[in-house]
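Engineer: Let's see this in three dimensions:
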Amino acid sequence: MSGQVRVEHTPRVAWITIDRPAAKGALTACMITALHDVVKELRTRDDVSIVVLRGEGADFCAGSDMGDIASVLDAPAEERRASFAAGIGGTIQPLLRDLLALDQPLVVSVRGYSIGIGVMFMLAADLLIGSETTRISLPQPRLGHSLDHGESWLLPRRVGPSRAMQICLLGDIVGAADLDRFGMFNWLVADADLESRTQEVVDGLLSVAPASLWRTKALLRPTLDPTFETQLASEREHASAGAATADYVEAINAQVQRRDPVYTNS
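Structural biologist: Numbering: from 1, shown residues only. Down below sits the predicted model:
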């Protein structure tokens with residue numbers, strides 16, 4: 001299935017849309033690279049005061065494309081480990097760093113499913129607007145590896161360590177009402193009101209002087225301390241080690257074949 005990362009500009013605002021509705025916003029490797037290129041470019045744009053990230057269609061982002069993931073399953077264990085580590089360290093983590101380093105406020109507008117890397121985008125938001133249809137999942141443990149998008153650092157700081165354990169260890173789908181109760185959103189609205197509420201938030205930000213926006217954000221979200229990089233390095237090591245196991249191959253094959261996995265702890 002084709003897909004793209006679409007960027008539109010209105011005065012002082014960059015609107016980034018994950019445009020792959022037929023695949024529930026699942027991101028191919030090329031789309032992730034394109035998204036990173038967009039974010040890097042926006043970091044240099046003095047004429048852009050606000051960045052909005054959203055999805056096209058009924059879902060925000062159903063994670064990474066399973067076809068891309070499954071393509072490495074036949075490789076030897078150490079090759080899978082190296083491929084996983086390279087993907088995380090060379091693509092995912094640089095994208096996360098640049099999202100968090102944006103001078104402009106990042107507004108994320110979400111409806112429907114948000115899985116894996118989609119949750120990363122939500123956690124990177126400065127302001128998060130959710131629809132009542134929002135559902136998140138961090139299924140990595142059920143897919144034979146571990147957290148790999150910075151969630152281990154970001155999620156406990158958003159919802160607390162106990163809720164983060166619940167969401168991550170079980171890998172269950174968590175609905176909008178629980179997410180709101182956990183403190184995930186700035187605003188939770190009816191699905192029909194998501195676009196209008198997003199526009200209202202953008203209009204409110206536009207009423208503030210651009211320099212005041214970025215200076216205030218800089219004070220509230222200071223440079224990440226070294227423990228962030230330590231945590232990212234730990235994620236990269238654990239996730240890539242998981243990708244080298246037979247259970248990882250079995251978990252992904254079971255997901256693609258829509259059956260229960262049979263693990264061997266190897």
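Engineer: Could you use CA atoms for every contact and neighbour count after this?
Structural biologist: Will do.
Engineer: Can you get me a residue count around P139?
Structural biologist: Around P139 there are 21 other residues, counting by other C-alpha atoms under 10 Å.
Engineer: contacting residues around it?
Structural biologist: For P139, the contacting residues are I115, G116, C168, L170, G171, D172, taking C-alpha atoms under 8 Å, 6 or more residues apart in numbering as the criterion.
Engineer: Can you tell me which of those residues are buried?
Structural biologist: With neighbours counted by 16 or more other C-alpha atoms under 10 Å, the contacts of P139 contain buried members at I115, G116, C168, G171.
Engineer: Cross-reference these with the helices and report the matches.
Structural biologist: Judged by DSSP state H, the subset of those located in helices is C168.
Engineer: Need the max-distance pair from the buried ones among the contacts of P139.
Structural biologist: I115 and C168 (11.5 Å; C-alpha to C-alpha).
Engineer: Can you work out which residues contact both of these two?
Structural biologist: Common contact partners of I115 and C168 (C-alpha under 8 Å, 6+ apart): L138, P139.
Engineer: what are the bridge partners for R135, then?
Structural biologist: Y113, G175 (DSSP bridges).
Engineer: surely it meets G112?
Structural biologist: Yes. R135 is within contact range of G112, at 5.7 Å (criterion: C-alpha atoms under 8 Å).
Engineer: need the contacts of P139 in a markdown table with distance to F185, can you?
Structural biologist: Shown next, in a markdown table, are those (distance: C-alpha to C-alpha, whole Å):
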| residue | distance to F185 |
| --- | --- |
| I115 | 16 |
| G116 | 17 |
| C168 | 18 |
| L170 | 21 |
| G171 | 20 |
| D172 | 19 |
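Engineer: just those residues now: which is nearest N186?
Structural biologist: Using C-alpha to C-alpha, I115 is the member of the contacts of P139 that sits closest to N186, with 19.2 Å.
Engineer: these two touch, right, that closest one and I136?
Structural biologist: Yes. The pair I115 / I136 is scored as a contact, 5.4 Å apart, by C-alpha under 8 Å.
Engineer: hey, where'd the helices end up in the stretch 1-150 of the chain?
Structural biologist: With DSSP state H, counting those that start in this stretch as the criterion, the stretch 1-150 of the chain has helices at 29-42, 66-70, 77-87, 93-101, 117-124.
Engineer: So which of these is the most surrounded?
Structural biologist: The highest mean neighbour count among these belongs to helix 117-124 (a mean of 24), with neighbours defined as mean count of other C-alpha atoms under 10 Å.
Engineer: and for that one, what are the contacting residues?
Structural biologist: Helix 117-124 is contacted by residues 60-64, 96, 99-100, 106, 108, 110, 128, 136-138, 149-151, 154-155, 158 when judged by C-alpha under 8 Å, 6+ apart.
Engineer: Just the ones in strands from those residues, please.
Structural biologist: Those of those mapping onto strands are L106, V108, V110, L128, I136, S137, per DSSP state E.
Engineer: Most neighbours among those residues, which one?
Structural biologist: The member of the ones in strands among the contacts of helix 117-124 surrounded by the most neighbours (other C-alpha under 10 Å) is V110, with 33 neighbours in all.
Engineer: ok, the nearest residue to it once chain neighbours are set aside - contacts?
Structural biologist: Once its chain neighbours are removed from consideration, V110 has its nearest residue in G130; the separation is 4.9 Å (C-alpha to C-alpha, 6 or more residues apart in numbering). With contacts defined as C-alpha under 8 Å, 6+ apart, the neighbours of G130 are S109, V110, R111, A176, F185, W187, L188, V189, L194.
Engineer: can you give me phi and psi for the residue nearest to A77 when sequence neighbours are not counted?
Structural biologist: Spatial nearest neighbour of A77, excluding adjacent residues (C-alpha to C-alpha, 6+ apart): A244 at 4.2 Å. Summarising the backbone geometry of A244 under the convention degrees, to the nearest 10, its torsions are phi -80, psi -10.
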